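1. coords please:
(2 chains)
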Amino acid sequence: MSATSMRLRDLGSAPVPADRRRWHAVVIFVHPTHDSLAGAALARYLRGLDGAGASADVIDLYREAVVDAAWSASPAPSPAPSAVPAGASAGPGRAEVQLPVALVSDHRRRLALADELVLVHPTWWSGQPALLKLWFETLWPPLPPSAGALQPTGPGLRLTGVRRITVVTTYGSSRAVNTFQGDGGARTVRRLLRWCCSPVTTVRRVTCYRIDRSDAASRQAFLDRVERAAERPPRPWRLGRSSWLAGRAGAASASVTAR
Amino acid sequence: MHALLVHAFAPTDPLGDALREAAHRGLDAGGHAVDVLDLERAGFAPVMPPAEWSRYGRDASDDPLVQWSIERVERATTLAFVYPTRWGGVPAVLKGWFERVLVPDVAFRFDDTGRVRAALRNVRRIEAVATYDHGRLASALTGDNGRWLVSRALRNATGWRTRLSWHGLHLATATPASSARFVEHVERALGRAR
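-> Numbering: from 1, shown residues only, chains lettered A, B, ... in the order given. Sure, this is the predicted structure:
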């Protein structure tokens, strides 16, 4: 209980950047190329943010972690196929597949300033692309099992300033197929990523299904929805910054007085 | 009978090694010719490079590990996955294996209307061995995306006649004795897989 109330008292304690406009969004973009529907969605989201007077910081994970970095996506000395039955005989190997520490600590600093966290990515195999999962696993490494706590991820970072998580994502197949397959990506954000923020962080998703078979009109409609969603400011949640209750009251009165 | 065993534990995890060896022995005893892919020891790169994405399909990758995996997947009658649950689902390295290996014309085909059709009809059985860092309640609350992925999305690619067995160990409530029993259970269960 005390740990929880400590966290609650910390709400909104992230440092405020000098150039902050109405709110500050950190946008994580995960797609091999900007020349894609996800890339177009990113451009429209940024335009929406700009139109609404928000500042944005884009983390282009593919560019930062794969294209620019020494850390490479192509396997460096992967064994010849004949040698692959890789088991006990395969030598010491690497400790863990992880993103470089310098990259991730830079991201930690940038994330601490966020009022809104935006994930723009395609959904592959009913979840986030492996690069985004790798990023999650590096930022929030697993707890030792002995901890046994409900906290689903590591002790790591707590993004207490994030008021809203927005997911902008595209699916190859229809909503029905994805619902049947469990839509693991949505569950990961709603149940786990939200835990890494604050108890009152909201989650919303802007989705485009069935892009394998969609026409230009439905893609355009999706991009329009993306821009409209970006223009909506996250709800302010506080009068004072001291407690969850005050936060809820703040949110209620702010919506009445309107800004 | 051919089996492909995909292992996604970190090389530093002794329980992972014990489970891999037990699964290997079990499949062997059941009469399978077993291929083992230890993703982290082999240095499998989970992130699909941009060049591979732009050519997305059976021959898109020149990574020998991907090509090796595609050959084995296409003739396997049994697929076995041994992995630790991370972030409520399969670890990134195994997710990357799905994305890079199970591509169009390997795992699925698009029919005339653009619908996805199963292409891995050769797989008759899937065996999954997963560990969870938490107890049953916490795991239920966070959801089990790995199981959704293997039981639904993957079987969408193998056809619904493929049978699935799930073997889970909840580490928060496990003791050394129960972990050892679980390893024995895995060996026996995979020995029965047909």
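2. Next, the buried residues of stretch B:45-52.
-> B:45-49, B:52 (16 or more other CB atoms under 10 Å in any protein chain shown). Heads up, the C-betas are built off the backbone N, CA and C, glycines and all.
3. among the helices and strands of chain A, which one scores worst on average pLDDT?
-> Across the helices and strands of chain A, mean confidence by mean pLDDT, DSSP states H and E is lowest for helix A:2-9: a mean of 39.
4. Quick check: neighbours of the following helix or strand past it in the sheet, parallel or antiparallel?
-> With elements assigned by DSSP states H and E, the helix or strand that comes after helix A:2-9 is strand A:24-29. Neighbouring strands of strand A:24-29 in its sheet, by DSSP bridges, are strand A:55-60 (parallel), strand A:116-122 (parallel).
5. what ranges do the helices span in the chain?
-> If you meant another chain, say so; for now it's chain A. Using DSSP state H, the helices of chain A run over A:2-9, A:37-51, A:61, A:101-111, A:130-139, A:175-180, A:184-187, A:216-231, A:244-257.
6. try again with chain B
-> B:14-29, B:39-42, B:50-54, B:64-75, B:92-101, B:136-142, B:145-148, B:155-158, B:176-192.
7. Quick one: list the elements packing against the fifth one.
-> Pointing back at helix B:92-101 there. Applying 3 or more CB pairs under 8 Å, 6 or more residues apart in numbering or on different chains; DSSP states H and E, one finds that helix B:92-101 contacts helix A:130-139, helix B:39-42, helix B:64-75.
8. Format these as JSON lines; extra columns: mean pLDDT, distance to A:Phe180 and mean neighbour count.
-> Shown next, in JSON lines, are the helices and strands packed on helix B:92-101 (pLDDT from 0 to 100; distance: least, CB to CB, whole Å; neighbours: other CB atoms under 10 Å in any protein chain shown):
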{"stretch": "helix A:130-139", "mean pLDDT": "93", "distance to A:Phe180": "22", "mean neighbour count": "24"}
{"stretch": "helix B:39-42", "mean pLDDT": "93", "distance to A:Phe180": "28", "mean neighbour count": "24"}
{"stretch": "helix B:64-75", "mean pLDDT": "95", "distance to A:Phe180": "23", "mean neighbour count": "20"}
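9. Distance to A:Arg225 for the ones you listed - can I get that in CSV?
-> Shown next, in CSV, are the helices and strands packed on helix B:92-101 (distance: least, CB to CB, whole Å):
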stretch, distance to A:Arg225
helix A:130-139, 22
helix B:39-42, 38
helix B:64-75, 36
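10. May I ask which two of the buried residues of stretch B:45-52 are separated the most?
-> B:Pro46 and B:Glu52 (12.2 Å; CB to CB).
11. Find the residue ranges of the stretch 151-259 of chain A scoring beneath the pLDDT cut-off.
-> A:151-156, A:237-259 (pLDDT under 70).
12. What residues does it have near chain B?
-> By CB under 8 Å from any CB of the partner chain, the residues of the stretch 151-259 of chain A that approach chain B are A:152-153, A:172-173, A:177, A:180-182, A:184, A:187-188, A:191-192, A:212-213.
13. Of those, which is the most crowded?
-> A:Gly184 (28 neighbours; other CB atoms under 10 Å in any protein chain shown).
14. sorry, back to before: quick one, which of the helices of chain B is nearest to B:Ala107?
-> Closest of those to B:Ala107 is helix B:155-158, at 4.1 Å (criterion: CB to CB).
15. Could you list every helix and strand that that closest one packs against?
-> strand B:116-118.
16. who's in contact with the strand it packs on?
-> The contact list for strand B:116-118, computed with CB atoms under 8 Å, 6 or more residues apart in numbering or on different chains, reads A:172-173, A:177, A:212, B:107-111, B:156-159.
17. Stretch B:105-114 now?
-> With contact meaning CB under 8 Å, 6+ apart, stretch B:105-114 is reached by A:212-213, B:57-58, B:70, B:73-74, B:101-102, B:104, B:116-120, B:156-157.
18. Closest to the centroid, which residue in chain B?
-> B:Phe81 (3.0 Å; CA atoms, centre = their mean).
19. Would you enumerate the residues in contact with that one?
-> Residues near B:Phe81 by CB under 8 Å, 6+ apart: B:6, B:8, B:90, B:94, B:126-130, B:150.
20. Buried subset of these as a ChimeraX selection?
-> Per 16+ other CB under 10 Å, the buried members of the contacts of B:Phe81 correspond to this ChimeraX selection:
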select /B:6,8,90,94,126,127,128,129,130,150
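21. Highest mean neighbour count out of the strands paired with strand A:24-29?
-> strand A:116-122 (a mean of 24; mean count of other CB atoms under 10 Å in any protein chain shown).
22. Which residues belonging to the worst-scoring helix or strand of chain B on mean pLDDT are considered buried?
-> Ranked by mean pLDDT, DSSP H and E, the weakest helix or strand in chain B is helix B:136-142, scoring a mean of 85. Using 16+ other CB under 10 Å as the test for burial, helix B:136-142 gives B:138-139, B:142.
23. Please compute how far that helix lies from its chain's middle.
-> 21 Å (CA atoms, centre = their mean, to the nearest Å).
24. what helices or strands is that helix leaning on?
-> Using 3+ CB pairs under 8 Å, 6+ apart, helix B:136-142 is in contact with no helix or strand.
25. follow-up on the earlier one: could you redo the strands paired with strand A:24-29 as a markdown table and give each row mean pLDDT?
-> Shown next, in a markdown table, are the strands paired with strand A:24-29 (pLDDT from 0 to 100):
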| stretch | mean pLDDT |
| --- | --- |
| strand A:55-60 | 96 |
| strand A:116-122 | 98 |
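26. If anything else comes up later, I'll come back, but that's it for now.
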